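Asker: Build me a model:
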Amino acid sequence: MRRLFITGLLVALGTLPGSTLRQLSLDDMIRQSTMIVHGTVQPANIMYHGSMIFSHYTVQPTEIYKSPVAGQSASSPIDFGVPGGSLNGAIQRVAGAPILTVGQDYVLFLWTSKSGLTQVIGLSQGLLSVITTSGAAPIVVRPAAAAGALNATGLPVTTNDISMSLSALKTEISNVLSGQSTQ
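Answerer: Model prediction:
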């Protein structure tokens, strides 16, 4: 009976819907995100949403750069889900899904679906690590996505690395939100 269950589970996992990564520019992520936060990530829990497993995290914001709620307090943790994870012996992996390190400082570009689930926009594209070294201004980095991406016309492309100072990122966010972006 256990072998039958495991075989059924493997068949079910083999038919999971695939993911297609649409290339997003930094300005696209700024415009399309419902929330942009800088903060430290903590684990929350893992649960199913339909047939998909999601690993849920909370981010304790240091700063909120964009929010659907005017004047949202940076003291309230924000919950979000990442597709994939391990639950009750079932393992799901989603190509292009971000891999988070608990306790790491990030800038997260988040969006909330119609169902109310908040996720990182563009899978790993919307996750920028904040690197702080002594005596230097913090920088944000994101390597190009390992999974292939498609541009707006559906052609395969690679995403670009992002590496810039945190203050330059904040300026770009402010410029895009006020309609003054140069991209």
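
Asker: For the residue nearest to the spatial centre of the chain, which non-adjacent residue is spatially closest?
Answerer: Closest to where the C-alpha atoms of the chain average out (C-alpha atoms, centre = their mean) is V120, at 2.5 Å. Closest residue in space to V120, ignoring its immediate chain neighbours: G126 at 4.3 Å, by C-beta to C-beta, 6 or more residues apart in numbering. The way it works is simple: take the backbone N, C-alpha and C, and place the C-beta from them, glycine included.

Asker: hang on, the residue nearest to the centre of the chain packs against T112?
Answerer: No: applying C-beta atoms under 8 Å as the test, V120 and T112 come out as separate, 11.4 Å apart.

Asker: where does the chain have low pLDDT?
Answerer: 1-21, 70-74, 145-159, 181-183 (pLDDT under 70).

Asker: where do the helices sit along it?
Answerer: Taking DSSP state H as the criterion, the chain carries its helices at 2-14, 26-32, 166-177.

Asker: packing partners for the shortest one?
Answerer: Okay, so that is helix 26-32. In terms of contacts (3 or more C-beta pairs under 8 Å, 6 or more residues apart in numbering; DSSP states H and E), helix 26-32 is packed against strand 105-112, helix 166-177.

Asker: make it 6 Å
Answerer: Applying 3 or more C-beta pairs under 6 Å, 6 or more residues apart in numbering; DSSP states H and E, we find helix 26-32 packed against helix 166-177.

Asker: I'd assumed W111 was in contact with the residue nearest to V120.
Answerer: No: if you go by C-beta atoms under 6 Å, G126 and W111 don't touch, sitting 8.0 Å apart.
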